[in-house]
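> sequence first, then the predicted structure:
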Amino acid sequence: MKFNSFIPVNKSSEHHSLPGVPEGEYVVFSIATGSENKKTAFETVTVTKVDSQWRAVDYQGRYYVFG
């Protein structure tokens, strides 16, 4: 199965607080990807700044098959 080699970020948003986590610097990225066999994934990745470096703290994905 081949996936797109370039994945554009559809949306990003900055937050100082999110439900259920301590206050801090967060960025939430929303990404839609697709493959040759019509599988589509809608993914959300949340990152936070730890010791001056951005680190992933959450990933959520939902997958759909069209056609």
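Everything's here; your move. Numbers count the residues shown, from 1 in each chain.
> chain neighbours aside, what residue packs nearest to Y59?
V45 (5.5 Å; Cβ to Cβ, 6 or more residues apart in numbering). In this view, the C-beta of every residue, glycine as well, is placed from N, C-alpha and C.
> where does pLDDT dip in this structure?
1-8, 35-38, 65-67 (pLDDT under 70).
> just the strands in it please.
9-15, 26-34, 39-50, 53-65 (DSSP state E).
> Serialize these to CSV and add fields for mean neighbour count.
Converted to CSV, the strands of the chain look like this (neighbours: other Cβ atoms under 10 Å):
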stretch, mean neighbour count
strand 9-15, 11
strand 26-34, 15
strand 39-50, 15
strand 53-65, 10
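> isn't L18 up against Y26?
Yes: the criterion here is Cβ atoms under 8 Å, and L18 meets it with Y26 at 5.7 Å.
> what bridges to G61?
Applying DSSP bridges to G61 yields these beta-bridge partners: E43.
> whoops, I mixed them up, S30
On the basis of DSSP bridges, S30 is bridged to K11, T44.
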